[in-house]
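Participant: model the following, please.
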Amino acid sequence: MAAPRSYAPSNLDARQFTAIEPHYNELLGRAVGNADELEQLILDRSDLDALVAECSANLYIATTRNTEDKAAEAAFLGFVRDVEPKLKPISSALDRKIATSAHADALPKARYEVLLRGMRVDIELFREANIPLETELAELDQKYNQTIGRMTVEFDGQVRTMPQMSRFLEENDRSVREKAWRAIAGRRLQDRDAIDDIYDKMLGLRHRIALNAGFPNFRDFQHRRFKRFDYTPADCMAMHDAIESHLVPIQRRWRACCPAVGISTSWLRMPR
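Facilitator: So this is what the prediction gives:
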């Protein structure tokens, strides 16, 4: 097995596509003559991908620390609009180079079988036409995060964020829980139209992405994209039906006998 080494320069600025493009092109053009060379290609690609992913994560985290920081928002959206769309075709080409290599079957199965299986799914689902749609989705997701992140309520004499309010939903005193829930719900209702608009646009984009990839709906597409090999959407529906038929009646009888217990039922309300 080839020994891992650092491929990506530590000072590489992944915010600029022109900075990372030569390294990805080197990987794409690299000759692979045996399993050891293929493994080294995988390791080097992983090192470069990790650096780019870290850059993306840091840009996103900066937008969450202060939702009013326009410079942080612009930097993150710049990455989403300028780097990711150009990188996706190269990434897919690298997946194909690795997964279809004549030496792929010679790689240690215990280490690479799952990786290669996942790559083959990514190759199967990749569509150039979906890249701009995915960029729109990422922008909408950021818009939603900014909308939610700006929300505050005045509670118990202090201005609090939504995450800070969550602890009051677990208080033993029911009146405190109710007051907190009403405060949170009331604040979210103020942005109902904006959030509904974001969701409506997301639904349309997701459906188009699924259709482009040959799926009848986004649920089935996402199931495949998440690489859920061991169960199907039909299995999920069967589980939902089993819960409804067997567990919900038990839970209702339990609540009827012990109304003061206050058992949480959120796990029973599974979205289809």
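Participant: alpha carbons only for contacts and neighbour counts from here, please
Facilitator: Fine.
Participant: now for the nearest residue to Arg120 once chain neighbours are set aside, how many residues are close by?
Facilitator: Spatial nearest neighbour of Arg120, chain neighbours left out: Ala99 (6.5 Å); criterion: Cα to Cα, 6 or more residues apart in numbering. The tally of other residues near Ala99 (other Cα atoms under 10 Å) stands at 20.
Participant: what does Arg219 give?
Facilitator: Residues lying near Arg219 (other Cα under 10 Å) number 15.
Participant: what pLDDT does it get?
Facilitator: pLDDT, Arg219: 97.
Participant: same check on Tyr144?
Facilitator: The model reports Tyr144 with a pLDDT of 95.
Participant: so what's the gap between stretch 74-94 and the chain middle?
Facilitator: Distance, stretch centre to chain centre, for stretch 74-94: 15 Å (Cα atoms, centre = their mean, to the nearest Å).
Participant: what does it contact?
Facilitator: 15-17, 24-25, 27-28, 56, 59-60, 63, 122-123, 126, 128, 131-132, 135, 138-139 (Cα atoms under 8 Å, 6 or more residues apart in numbering).
Participant: got a list of what the residue nearest to Arg120 touches?
Facilitator: For Ala99, the contacting residues are Leu116, Met119, Arg120, by Cα under 8 Å, 6+ apart.
Participant: of these, closest to Phe226?
Facilitator: Met119 (11.6 Å; Cα to Cα).
Participant: how about the residue nearest to the closest one when sequence neighbours are not counted, what does it touch?
Facilitator: Closest residue to Met119 apart from its sequence neighbours, by Cα to Cα, 6+ apart: Asp95 at 5.7 Å. Applying Cα under 8 Å, 6+ apart, we find Asp95 in contact with Met119, Arg120, Asp122, Ile123.
Participant: with secondary structure added, can I get these in JSON lines?
Facilitator: Compiled in JSON lines, these are given as follows (DSSP: H, G, I helix; E, B strand; the rest coil):
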{"residue": "Met119", "secondary structure": "helix"}
{"residue": "Arg120", "secondary structure": "helix"}
{"residue": "Asp122", "secondary structure": "helix"}
{"residue": "Ile123", "secondary structure": "helix"}
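Participant: tell me which of these is nearest to Leu169?
Facilitator: Nearest to Leu169 out of the contacts of Asp95 is Asp122 (Cα to Cα; 40.3 Å).
Participant: about what we covered before: got the contacts of Asp95 as CSV, with pLDDT columns?
Facilitator: Shown next, in CSV, are the contacts of Asp95 (pLDDT from 0 to 100):
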residue, pLDDT
Met119, 97
Arg120, 98
Asp122, 98
Ile123, 98
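Participant: just the buried members of the residues you listed?
Facilitator: Buried subset of these (neighbour count, 16 or more other Cα atoms under 10 Å): Met119, Arg120, Asp122, Ile123.
Participant: closest one of those to Arg111?
Facilitator: Comparing the buried ones among the contacts of Asp95 against Arg111 with Cα to Cα places Met119 closest, at 13.9 Å.
Participant: quick one, helices of the stretch 151-272 of the chain?
Facilitator: Under the criterion DSSP state H, counting those that start in this stretch, the stretch 151-272 of the chain contains helices at 162-165, 174-190, 192-212, 218-225, 233-242, 248-257.
Participant: ok, and for the fifth one, which residues are buried?
Facilitator: Going back to what we said before, that points to helix 233-242. Neighbour-count burial for helix 233-242 [16+ other Cα under 10 Å]: His240.
Participant: and that helix with helix 218-225, angle?
Facilitator: Interaxial angle of helix 233-242 relative to helix 218-225 (axes from the mean of the first three to the mean of the last three Cα atoms, to 10 degrees): 120 degrees.
Participant: and the longest helix for the chain?
Facilitator: The single longest helix within the chain, with elements called by DSSP state H, is helix 35-65.
Participant: the next helix or strand after that helix to helix 35-65, inter-axis angle?
Facilitator: Per DSSP states H and E, the first helix or strand lying C-terminal to helix 35-65 is helix 70-78. Angle of helix 70-78 versus helix 35-65, following the same axes, to 10 degrees, is 150 degrees.
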